[in-house]
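Q: Got a predicted structure plus its sequence, pasted below:
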Amino acid sequence: MRETFGAMVAMWQAREAKDPEIRAAMRRIAIEELRHAVLAFRVAEWIEPRLDAKHVVHLRRARKRAIAELRREVAWEPPRELITAAGLPTSNRARQLVDRAADALWPA
C-alpha cells in the first residue's frame, strides 16, 4: 500500500515539480517505487488465496486501518514552496489519490 502511494506521489511530483532536477529525480524514484508496488501486489496475489477465513478478516481490518492512517498522514498541508518547487500534492489532492487507490486497488 505504501509503495503504491509512494509511486503515485513520485509520479505526481515528476509531472508537477517546477524544479527540473527534482522532476528528473522523481521520475527515477517513481520507477523504483512502482517496482516495489508491483512486487507487493504479486506477493499479495500469491498469499491471499492461501489464507483461511480468519486471516482474511484480519487482513481486511488491517487494510482499513492502513488506509485510515494514510488519510490522516496526508491531512498535513505541505508548505507552498514544496508544492511548487518539489511538486508535492496539496493535502486535498493527496487525499484524492488515497481515495482513488483505496477504491480501485486496496479492497478492504
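A: Okay, I see it.
Q: From now on I want contacts and neighbour counts done on CA atoms only, so please keep to that.
A: Fine.
Q: Got the phi and psi for Glu77?
A: Dihedral angles of Glu77 (phi, psi; degrees, to the nearest 10) stand at phi -90, psi 120.
Q: Next one: it from Ser91, what distance?
A: 5 Å (C-alpha to C-alpha, to the nearest Å).
Q: and what of Met8?
A: 14 Å.
Q: Can you pick out the residue with more neighbours from Glu77 and Ser91?
A: Using other C-alpha atoms under 10 Å as the criterion, Glu77 and Ser91 rank with Ser91 on top: 17 against 14.
Q: wait, what's in contact with the more buried one?
A: Val74, Ala75, Trp76, Glu77, Pro78 (C-alpha atoms under 8 Å, 6 or more residues apart in numbering).
Q: This protein: helices as residue ranges?
A: Assigned by DSSP state H, the helices in the chain fall at 2-16, 20-47, 53-73, 80-85, 91-104.
Q: Measure how the first one sits relative to helix 53-73, angle-wise.
A: With axes from the mean of the first three to the mean of the last three C-alpha atoms, to 10 degrees applied, the angle from helix 2-16 to helix 53-73 works out at 30 degrees.
Q: Please shift the residue numbers so they start at 44 in all later answers.
A: Renumbered: residue one is now 44, and that last one reads helix 45-59.
Q: what angle do helix 45-59 and helix 134-147 make?
A: Computed by the same axes, to 10 degrees, the angle separating helix 45-59 from helix 134-147 equals 130 degrees.
Q: so Glu46 makes contact with Ala73?
A: No - look at Glu46 against Ala73 with C-alpha atoms under 8 Å: they stay out of range, at 9.8 Å.
Q: Comparing those two, which shows the higher neighbour count?
A: Ala73 (23 against 19).
Q: wouldn't Pro132 be in contact with Ala57 here?
A: No - Pro132 lies out of contact with Ala57 (C-alpha under 8 Å); the separation is 11.1 Å.
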